[in-house]
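# have a look; sequence and predicted model below, questions after that.
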Amino acid sequence: MENITRLAEHVRTEMSKVIVGQKEIIDQLLMVLICGGHALIEGVPGLAKTLAVKTLARICGLGFQRVQCTADLMPADVMGTNIFNMATSAFSLHRGPVFTDLLLVDEINRTSPRTQAALLEAMEERQVTIDGTRYPLGENFTVFATQNPIEFEGTYPLPEAQLDRFLLKIRLDYPSAGEEADILGRYEQGFDPRRLDLVSIVPVDPALLAAARQDIGAVRIEPSLRSYIVTLVRRTRDWPALSLGASPRAAIGLLFVARALAGVEGRDFLIPDDIKTAALPVLRHRVLLKPEAELEGLNSDRVIAELLSTVEVPK
């Protein structure tokens, strides 16, 4: 597990030069990258969502593009389009921002369902189809989509099919008083988030990320823990407060994220706490509460926590 632990330590160290606190969020962003998945990031404006993803790309030596979603954003604005070249009398592909490594889709719920659906193929198949021709995306292609938990006017809620494509749903909260004072202190000293080139960020060895991904496959899982994952996921499908439970893809995601967590801790074996830690970010966006449960003030995190407490933990 040396490659995963080295990568995690390096990313945490370098991210701390830019991001104050948010250690759990940084680890979850890293989990997404190691597992080769995608993440939906939810938080109010001003919590450094864009800055965190941009910094992660810089640390790992990956390409970064950002798309600001609006109601009139078209699929071609994201994927690209063929443009006729008068000089050569031929069409040439003008590549959109999707042709990158880390794609930040800002406020994804503000764009139309047509554009949201255009991202499905890219997220699931790591390819895009433009005018009938398929174009592969890089092996590091990762979508980090953000959405605002407030101001739902004029938004298009993501359909369940697309939500299920996200490996994790990461929720950001306000920093503590001490962390917020530290943020102000950095700005007083001249920190500028638009000039990351002035921050002494040390990039990681490009081969380390690929090696860390291979290490995940070496994490052993006992049959009892595999059954524990299956029981948790299946329990969501008949839980009284839920009208929609988690899919088999959720069980796969739970397995991968739990193994990545074990690797970050330097272990080549899984323990129940790895699964419990992964459960909230993996499952919270894959379950749907019944209307009466929402009226009672319940949310997905609370329901999943209650569900976890009812499933017997393997010895």
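That came through, no problem.

# C-alpha from now on. contacts and neighbour counts both.
OK.

# surely Thr5 touches Arg267?
No: Thr5 is beyond contact range of Arg267, at 9.4 Å (criterion: CA atoms under 8 Å).

# any idea what the residue positioned nearest the centre of the chain is bridged to?
Residue closest to the mean C-alpha point of the chain, counted by CA atoms, centre = their mean, is Ala39 at 1.7 Å. Beta-bridge partners for Ala39, by DSSP bridges, are Phe144, Leu168.

# where do the strands sit along the protein?
Remark: strands assigned in the chain by DSSP state E are 39-42, 64-68, 80-85, 90-95, 102-106, 127-130, 133-136, 142-147, 168-171, 242-244, 288-289.

# ok, the residue nearest to the centre of the chain - contacts?
Leu29, Val32, Val143, Phe144, Ala145, Phe166, Leu167, Leu168, Lys169, Ile170 (CA atoms under 8 Å, 6 or more residues apart in numbering).

# kindly report the same for Met1.
Contacts of Met1 (CA under 8 Å, 6+ apart): Ala212, Asp215, Ile216, Gly263, Val264, Gly266, Arg267, Asp268.

# wait, Val313 sits on Pro272?
Yes: contact status for Val313 versus Pro272: in contact at 6.8 Å, counting by CA under 8 Å.

# out of the strands of the chain, which is closest to Leu280?
strand 168-171 (8.4 Å; CA to CA).

# render the CA-only coordinates of that closest one in CSV, please.
Provided in CSV are the C-alpha atoms of strand 168-171 (Å, rounded to 0.1, in the frame of the first residue of the first chain):
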residue,chain,number,x,y,z
LEU,A,168,-19.5,10.1,-4.2
LYS,A,169,-21.7,13.0,-3.1
ILE,A,170,-19.4,15.3,-1.1
ARG,A,171,-21.0,17.8,1.2
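
# what sits up against that strand?
25, 28, 32, 38-43, 281-285.

# which positions in that strand come out as buried?
Neighbour-count burial for strand 168-171 flags Leu168, Lys169, Ile170, Arg171 (criterion: 16 or more other CA atoms under 10 Å).

# how close does the third one sit to Trp239?
Pointing back at Ile170 there. From Ile170 over to Trp239 the distance is 23 Å, taken as CA to CA, to the nearest Å.

# count the residues that sit near the closest residue to Ile201 other than its chain neighbours.
Nearest residue to Ile201 in three dimensions, chain neighbours excluded: Glu14, at 5.9 Å (CA to CA, 6 or more residues apart in numbering). Other residues within reach of Glu14, judged by other CA atoms under 10 Å, total 20.

# now swap in the one 4 residues further on and tell me
Taking other CA under 10 Å as the neighbour definition, Val18 ends up with a count of 21.

# what sits against it?
Thr55, Pro193, Val199.

# show the buried residues in those.
Buried, going by 16+ other CA under 10 Å: Thr55, Pro193, out of the contacts of Val18.

# would a markdown table of the contacts of Val18 with distance to Phe256 and pLDDT be doable?
Listed next are the contacts of Val18 as a markdown table, based on distance: CA to CA, whole Å; pLDDT from 0 to 100:
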| residue | distance to Phe256 | pLDDT |
| --- | --- | --- |
| Thr55 | 24 | 92 |
| Pro193 | 33 | 81 |
| Val199 | 33 | 84 |
